[in-house]
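J.: I would like the atomic coordinates for the input below:
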Amino acid sequence: MADCLFCKIIAGEIPSTKVYEDELVFAFRDIAPQAPTHILVIPKAHISGCNGVTPDNSAVVAHIFEVIPQIAAAEGLTGGYRVVSNCGDDAGQTVHHLHFHILGGKKLTLEMA
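T.: Next up, the predicted model:
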């Protein structure tokens, strides 16, 4: 999508700090980290969010969950990490392109908003 922030990042129109890329997935550091390690993992194909996952595009989501442990290991998150996806405006989704946050690098609390 032409006006999607994450599509522009994937296209190189907006700079990011890339930590991983393959033919399906792009991962980069969050510009407002909520933990010492905060990485966003996104499909290169535009999917609006969790509600946009269909049988036709769900394989990319499976691939993302194959890649996440590789990224976590490369980042040294040996004590554990959290994977979060905000689904919709009420959940705090601010960019309507499916993305998963990898959070780690410290002991995370169980507090929920």
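J.: tell me the helices in the protein, going along the chain?
T.: Under the criterion DSSP state H, helices of the chain are mapped to 5-10, 58-74.
J.: pull out the buried positions in stretch 15-31.
T.: By neighbour count on 16 or more other C-beta atoms under 10 Å, the buried set for stretch 15-31 is 16, 19-20, 25-28, 30. C-betas here are computed from N, CA, C, even on glycine.
J.: for these, name the two members farthest from one another.
T.: Spatially, the most separated pair among those is Val25 and Asp30, at 15.8 Å (C-beta to C-beta).
J.: just checking: what are the partner strands of the longest strand anywhere in the chain?
T.: In the chain, taking DSSP state E as the definition, the longest strand is strand 37-43. Here strand 37-43 has these sheet partners by DSSP bridges: strand 25-29 (antiparallel), strand 100-104 (antiparallel).
J.: point out where the chain drops to low pLDDT.
T.: Residue ranges of the chain with pLDDT under 70: 111-113.
J.: now the closest residue to Asn57 other than its chain neighbours: how far from Tyr81?
T.: Nearest residue to Asn57, sequence neighbours excluded (C-beta to C-beta, 6 or more residues apart in numbering): Ile47, at 5.8 Å. To Tyr81, Ile47 is 22 Å away according to C-beta to C-beta, to the nearest Å.
J.: hang on, the earlier thing: which other residues reach the longest strand of the chain?
T.: Strand 37-43 has contacts (C-beta atoms under 8 Å, 6 or more residues apart in numbering) with 6, 9-10, 19-20, 24-30, 57, 60-61, 64, 67-68, 71, 75, 77, 81, 97-105.
J.: got the angle for it vs helix 58-74?
T.: Counting by axes from the mean of the first three to the mean of the last three C-alpha atoms, to 10 degrees, strand 37-43 lies at 160 degrees to helix 58-74.
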